[in-house]
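A.B. asks: After the sequence you'll find the predicted model.
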Amino acid sequence: MATVTLNWLIPESGGPVDSYNVYRVAQEETSASVIVDPANKLNSTPLPSTPRTYVDDSVSSGDGAYSYTVTAVNTGGESVGATPTTQTL
């Protein structure tokens, strides 16, 4: 097993954040709109607004590339995904 730890900053716009969602695909992907799909969501319940971190411990060394994005959620809805980051294991 391996782990990937994600940390992120508070969005600069969009109002106060109530929670976050983390999405992952098992490929190198540069488009957040491709990653943000209910089937790719890692957290089963909304992540609290602090701390802004997520540990993915469901990956294994040698699996290849995983791309991640984070969305912010507030009373206005869910934001678009942040710029994706890719981790190669």
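C.D. replies: Sure, I can see it. Numbers count the residues shown, from 1 in each chain.
A.B. asks: longest strand anywhere in this protein?
C.D. replies: Ordering each strand of the chain by length in residues (DSSP state E) puts strand 65-74 first.
A.B. asks: Show the subsequent helix or strand relative to that strand.
C.D. replies: Once strand 65-74 ends, the next helix or strand along the chain (criterion: DSSP states H and E) is strand 77-78.
A.B. asks: Pull up the pairing partners for the longest strand of the chain, direction included.
C.D. replies: Strands that pair with strand 65-74, judged by DSSP bridges, come out as strand 19-25 (antiparallel), strand 77-78 (antiparallel), strand 85-88 (antiparallel).
A.B. asks: Next, Ala39: phi, psi?
C.D. replies: Torsion angles at Ala39 (phi, psi; degrees, to the nearest 10) stand at phi -70, psi -20.
A.B. asks: Could you check how far it is from Gly76?
C.D. replies: Computed with Cβ to Cβ, to the nearest Å, the distance linking Ala39 and Gly76 is 24 Å. For every residue, glycine as well, the C-beta is placed using N, CA and C.
A.B. asks: quick one: which of those two has more around it?
C.D. replies: Comparing Ala39 with Gly76 by neighbour count (other Cβ atoms under 10 Å), the higher total belongs to Gly76, at 11 against 6.
A.B. asks: Thr45: neighbouring residues, count only.
C.D. replies: Thr45 sits with 7 neighbouring residues when counted by other Cβ under 10 Å.
A.B. asks: Can you check my assumption that Leu9 lies in a helix?
C.D. replies: No. Under DSSP: H, G, I helix; E, B strand; the rest coil, Leu9 sits outside any helix and is assigned coil.
A.B. asks: Identify the residue nearest the geometric centre of this structure.
C.D. replies: Against the mean C-alpha coordinate of the chain, by Cα atoms, centre = their mean, the closest residue is Val22 at 2.7 Å.
A.B. asks: just to revisit the earlier point, what about the strands paired with strand 65-74, which gets the closest to Asn7?
C.D. replies: Asn7 sits nearest to strand 85-88 of all the strands paired with strand 65-74, at 10.2 Å, using Cβ to Cβ.
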